[in-house]
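S.K.: the sequence and its predicted three-dimensional model are supplied below.
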Amino acid sequence: MATQIHEQNDGKRLAIGGELTIYGVADVKERLWQAAARYPQLEVDLSGVDDFDTAGLQLLLMSKRWPATQINYVNHSAAVLRLIELSNVVLGDPLILSGQD
Amino acid sequence: MGQLVASRQKATSGMTEIGGGRQFLVFSLADEVFAIDILRIREIIEFGHVTTVPLMPDTVRGVINLRGAVVPVVDLVARFGRGQMQTNRRTCVVILEVGHGDDLQVIGVMVDAVNEVLEIAAADIEPPPAFGTRLRADFISGMGKAGGRFIILLDADRVLSVTEMASLGAALKTSAVDG
Amino acid sequence: MDLSQALNTFIDESHELLSQMESILLSAESGDCSDDELNALFRCAHTIKGSAGLFGLDELVRFTHVVENLLDRLRAHTLEFSPELVSLLLASKDQIAALIGAVVAKEQFALDEELLAILGNYDTSRSMAQCASETSQVTVEPSIASGTEHWHLSLRFGPDVLRNGMDPLAFIRYLGNLSRHMHVETLCDHLPAIAEYDPETCYLGFEVSLEAETSKAELESVFEFVLDDAHIVILPPDSKIEDYVSLIQELPEGKQRLGELLLACGSITPSELESALSLQRKNEGLRLGEILVGEGHVQSPVVDAALAKQKRGEERRQLESRSVKVPSDRLDALIDQVGELVISCAATQVQARRAVNPELLEAAANLLRLVEEVRDTALRLRMSPIGEVFGRFPRVVRDVAKELGKEIELQITGADAELDKAMIEKISDPLMHLVRNAIDHGIESPERRLASGKDLRGTVCLNAYHESGSIVIEVTDDGAGLDPAHILRKAVQRGVVTADVSLSDAEIFRLILEPGFSTAETVTNLSGRGVGMDVVRSGVETLRGNLDILSELGCGTTMRICLPLTLAIIDGFQIGIGASAFIFPLDAVVECIDLPADIGHSEYLNLRGEVLPFMRLGQLFGISSNHKARHNVVVVRFGGKSAGIVVDQLHGECQAVIKPLGPLFSGVAGISGSTILGSGEVALILDVPQLVQLAAAGAGGRSAAAYMAHH
């Protein structure tokens, strides 16, 4: 599914849906970077991400390095959790592992 | 026939919009008038050459060529147990679909004339009477009230039940041998 | 790339590979397995595993990998076949098939962990000891026997790897499925500053340790497609400290950092790390190449050569099988269109004849000839060899024989005989029933066979051949044969026939096809419930075929199925009775003769010395006619029997696109379908096998009614 980015709460919250992979990562980066430039704190909902790859993971890692903005990821989807677990990275957000996986 | 197609399209597209009524094709057979749900009807054609299939009961008059498909033609007069239909140049064949899904069959029935298309609301349809009609009760799906009279609504699946008609042939023959 | 298309191809190819595996395993059971076969067996599993990896089918990869290891040992002759091993591998093949089935059905599948464990632990201690005894210089260390094979991989993917369509973590996931245990450390050391970050560039590296039973070649082949875009170092188990040292020296990150990573992966212990770093400090001056010891990178060129050779082999194999996959509904559409073309052609010919124009007639005749060729080619597209169905039977026979404690040999002949693809699936179940019956009821127990002086091993034969427009399939057994008296008794008992009826042996045999009939004394697991034969008969009838039963008490039984070769188009011979037209399949027509005027009430003709039974079609069908002239007799032949069919007029050859008549007409004897003539009229196609049977049974002048009463 193609990447979708929804803005909520006047841009303080983003919801990413569809694929967060090499194919859409440039767009997501632009939106994320724009939002990060505006606000000191951002919340990003990942529940709709159904496809996730190394490029996506790399983006999350990079986004954690924003100097003046704290980006919190919530509601990690199964696809995202799988890769976080596989790569053994620590992003710093609390992860909710549902029993369904 | 164009009118028929148009009214059928109306029927399938918005049944609930047309005041909840179903549409029926009314036709004449011998001296009586019957009706069939229009959703069953594919088309109506002129009666032409029918190829007889040997060893079949009178109910099945034969088969016809419908644009490359071989379609059986049923004699309803015989099916209703009243002898055989006399055809003339006004006779038509109504092509119907019976059954569902994998069992869908295309069958034609001979009629004397096609009268009209009527819309009958569900409230105007009464259950078949326990007695009084000369027809088998299970052939009737209901009695439709229209224009002050009652029209027999036929249950196409039962009337044209392929399994029943196919076994008729065998039954007739064995009784002919025994008797 | 359309992934679903590729997935379908994978599924189809896997079925073929699994089929091949089963064949080889069955032949291994009964005899020797050549090296070529062992290699082929291994390659089947290997190919399925690799492709499964591409589609991310993790469970499939995990399971197939373990099977592949066993097959690898078999082909290296460090493991020998035993009946137990064959059964285990057959069960594994079934599991792989089930896993693939779950993929097709998009369902979850619970892998049989117990089977997986058995496979993983199969014969480890014994084979290890064998290895030890063969190469006595090698001392088997306890760490190897316990099964830990610790590999360490250093993965530095190039910056363009993401842009080039590769996903580094997908490779790592695949590695995980090969291993019992995996530890991953992701290196973020090279992530750039926020301002310079390009999301499509890869900055990540990975240090991975694996506990797996594999080889350096296999691990390198995993990364075959990224070798240009990545720096991959693989350290096999028991790599010496020097190897780790050179790794540390080679990689761009700091030595301390690398040491920590290796420690985190469990690839080295803290003391080893200590000694490595001190050794490295000592060797600061030495060139990299001199420190590389053991397997290191030296193996790579050898592996490269082997991989190249394998790739050439694959290409060669692809060249050999030049076939095209065609969706079957497109093929059906083509056949329909060709059918319409044939009818159109016939109509054109009719007009051409009427026009009395020689050039037009010649053009029309040429057209018809070409269309016939197209028709034949189109029909052949739908034909497949019956071997496709026969191929399932060796396994079935083996399993059933085992279950019943009988020894059965299966002989298959005529697997090349072709029939319409649409029929292949539908005939499979009836044949299965017949074969099971043959083994269950036909072939006697080994004791009984010995007592009657027969070979201990029973034989079941599957045979197929073409005959006059039909395909004949026979299932023969050399078992006890059918006992007419016994069958008749049971039939009367069950009310299938009355006690006073008189039937020929052939007719008695046919009684076993009646529903609810079964003479088995004990209802076995497989058949004997009286359901099987009825299913066979209706299955054959659906395909417009016939089933004949031939048997000799004490010797055996043959079940013979005759099916029309195609359900689509035939060459026909048109005849007339009264005003009705009928078509004979031309293949079944031998010749046409006049009916002698003095035939009287005789039911037999003298055809050049041969006694020919005949029947009057008009009488059979109840068609009256005023035909005054001499009648014609069409001599037809089927199943080794000939008969004469008396008709009024002969109309000549024609093409007939078969239009099935539908269930309404299923009871009509003597008619197998219909067609549309060039004139637009419907003509009925005659069922020659039925007509021949009627004539031979002496139905002669009797009507079909009496015939149908008995059937």
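M.R.: Structure received.
S.K.: quick one, phi/psi of the closest residue to chain B within chain C?
M.R.: Chain B sits closest to C:Phe621 of chain C, with a gap of 3.4 Å, by Cβ to the nearest Cβ. To be clear about C-beta, it is placed using only N, CA and C from the backbone, and glycine gets the same treatment. When read as degrees, to the nearest 10, the backbone of C:Phe621 gives phi -90, psi 0.
S.K.: which residue packs closest to the most centrally placed residue in chain C, ignoring adjacent ones?
M.R.: By Cα atoms, centre = their mean, chain C has its centre lying nearest to C:Glu388, at 5.4 Å. In space, C:Glu388 comes closest to C:Ile424 once its chain neighbours are excluded; the distance is 5.9 Å by Cβ to Cβ, 6 or more residues apart in numbering or on different chains.
S.K.: residue contacts, the one you found?
M.R.: Taking Cβ atoms under 8 Å, 6 or more residues apart in numbering or on different chains as the criterion, C:Ile424 is in contact with C:Ser384, C:Ile386, C:Glu388, C:Val389.
S.K.: quick check: the third one vs B:Phe47, distance?
M.R.: Think C:Glu388. With distances taken as Cβ to Cβ, to the nearest Å, C:Glu388 is found 47 Å from B:Phe47.
S.K.: on that earlier part again, how about the residue nearest to C:Glu388, secondary structure?
M.R.: Following DSSP: H, G, I helix; E, B strand; the rest coil, we place C:Ile424 in the helix state.
S.K.: pLDDT below threshold where in the stretch 401-550 of chain C?
M.R.: C:468-469, C:515-531 (pLDDT under 70).
S.K.: and the helices in it?
M.R.: Taking DSSP state H, counting those that start in this stretch as the criterion, the stretch 401-550 of chain C contains helices spanning C:421-437, C:446-451, C:484-493, C:505-510, C:532-542.
S.K.: what's near enough to touch the closest residue to C:Leu595 other than its chain neighbours?
M.R.: Closest residue to C:Leu595 apart from its sequence neighbours, by Cβ to Cβ, 6+ apart: C:His631 at 4.1 Å. By Cβ under 8 Å, 6+ apart, C:His631 lies in contact with C:Asp594, C:Leu595, C:Val646, C:Val647, C:Asp648.
S.K.: of those - the most surrounded one?
M.R.: C:Val647 (25 neighbours; other Cβ atoms under 10 Å in any protein chain shown).
S.K.: could you pull up the residues touching that residue?
M.R.: C:Ile575, C:Gly576, C:Ile577, C:Phe582, C:Leu617, C:Gly618, C:His631, C:Asn632, C:Val633, C:Val634.
S.K.: let's go with 10 Å and repeat that
M.R.: Neighbouring residues of C:Val647 by Cβ atoms under 10 Å, 6 or more residues apart in numbering or on different chains: C:574-577, C:582, C:584, C:592, C:595, C:616-618, C:625, C:627, C:631-634, C:686.
S.K.: next, C:Gly31: phi, psi?
M.R.: phi -160, psi -150.
S.K.: in the longest strand belonging to chain A, what's buried?
M.R.: Ranked by residue count under DSSP state E, the longest strand found in chain A is strand A:41-52. Within strand A:41-52, the residues scored as buried using 16 or more other Cβ atoms under 10 Å in any protein chain shown are A:Leu42, A:Glu43, A:Val44, A:Asp45, A:Leu46, A:Gly48, A:Val49, A:Asp51, A:Phe52.
S.K.: partners of the fourth one in the sheet?
M.R.: Think A:Asp45. Beta bridges link A:Asp45 to A:Ala15, A:Val74 when assigned by DSSP bridges.
S.K.: so it touches A:Leu20, yeah?
M.R.: No. With contact defined as Cβ atoms under 10 Å, A:Asp45 does not reach A:Leu20; the gap is 11.9 Å.
S.K.: mutual contacts of those two, please.
M.R.: In contact with both A:Asp45 and A:Leu20: A:Ser77, using Cβ under 10 Å, 6+ apart.
S.K.: A:Gly48 and A:Gly17 touch, don't they?
M.R.: Yes. Using Cβ under 10 Å, A:Gly48 makes contact with A:Gly17 at a distance of 3.0 Å.
S.K.: any shared contact partners between these two?
M.R.: The contact sets of A:Gly48 and A:Gly17 overlap at A:Met1, A:Thr3, A:Gln4, A:Ile5, A:His6, A:Ser77 (Cβ under 10 Å, 6+ apart).
S.K.: scan those residues and report the most crowded one.
M.R.: A:Thr3 (21 neighbours).
S.K.: quickly note the distance from the closest residue to that residue other than its chain neighbours to A:Ala55.
M.R.: Of all residues not flanking A:Thr3 in the chain, A:Gly24 sits nearest, at 3.1 Å (Cβ to Cβ, 6+ apart). From A:Gly24 across to A:Ala55, the span is 9 Å (Cβ to Cβ).
S.K.: more neighbours: these two, which one.
M.R.: Ranked by neighbour count (other Cβ under 10 Å), A:Gly24 and A:Ala55 place A:Ala55 first, with 27 against 22.
S.K.: what kind of secondary structure is that one in?
M.R.: Quick answer, by three-state DSSP: A:Ala55 is helix.
S.K.: contacting residues for it?
M.R.: A:20-26, A:28-29, C:161-163, C:167-169, C:199-202, C:204.
S.K.: in helices, which of those fall?
M.R.: Judged by DSSP state H, the contacts of A:Ala55 include A:Val25, A:Ala26, A:Val28, A:Lys29, C:Pro168, C:Leu169 as members of helices.
S.K.: please pick the buried ones from these.
M.R.: Using 16+ other Cβ under 10 Å, the buried ones in these are A:Val25, A:Val28, A:Lys29, C:Pro168, C:Leu169.
S.K.: now do the helices in chain B.
M.R.: B:2-13, B:76-79, B:156-159, B:162-178.
S.K.: okay, now the unreliable bits of the chain?
M.R.: No chain in the question, so chain A it is. A:96-101.
S.K.: switch to chain B, please.
M.R.: In chain B (pLDDT under 70), the answer is B:1-20, B:102, B:169-179.
S.K.: angles on the backbone of C:Ala588, please.
M.R.: The phi/psi pair for C:Ala588 (degrees, to the nearest 10) reads phi -90, psi -10.
S.K.: okay, now it: neighbour count?
M.R.: 23.
S.K.: how about the helix or strand containing C:Asp329, does it reach chain B?
M.R.: Using DSSP states H and E, C:Asp329 sits within helix C:328-355. Yes. Against chain B, helix C:328-355 shows contacts by Cβ under 10 Å from any Cβ of the partner chain at C:Asp336, C:Gly339, C:Glu340, C:Ile343.
S.K.: give me the mean pLDDT for that helix.
M.R.: Across helix C:328-355, the average pLDDT comes to 80.
S.K.: now that helix: buried residues?
M.R.: C:Ile335, C:Val338, C:Gly339, C:Leu341, C:Val342, C:Ile343, C:Cys345, C:Ala346, C:Ala347, C:Thr348, C:Gln349, C:Ala352.
S.K.: go on, stretch B:150-169?
M.R.: For stretch B:150-169, a neighbour-count test (16+ other Cβ under 10 Å) marks B:150-157, B:159-162, B:165-166, B:168-169 as buried.
S.K.: also stretch C:412-427?
M.R.: Those would be C:Ile412, C:Gly414, C:Ala417, C:Glu418, C:Leu419, C:Asp420, C:Met423, C:Ile424, C:Lys426, C:Ile427, for stretch C:412-427 by 16+ other Cβ under 10 Å.
S.K.: between these, which is nearest chain A?
M.R.: Closest to chain A, out of all of the buried residues of stretch C:412-427 and judged by Cβ to the nearest Cβ, is C:Ile424, at 39.1 Å.
S.K.: mind listing what's buried along the strand or helix carrying C:Gly53?
M.R.: Here C:Gly53, judged by DSSP H and E, is contained in helix C:35-54. For helix C:35-54, a neighbour-count test (16+ other Cβ under 10 Å) marks C:37-38, C:40-53 as buried.
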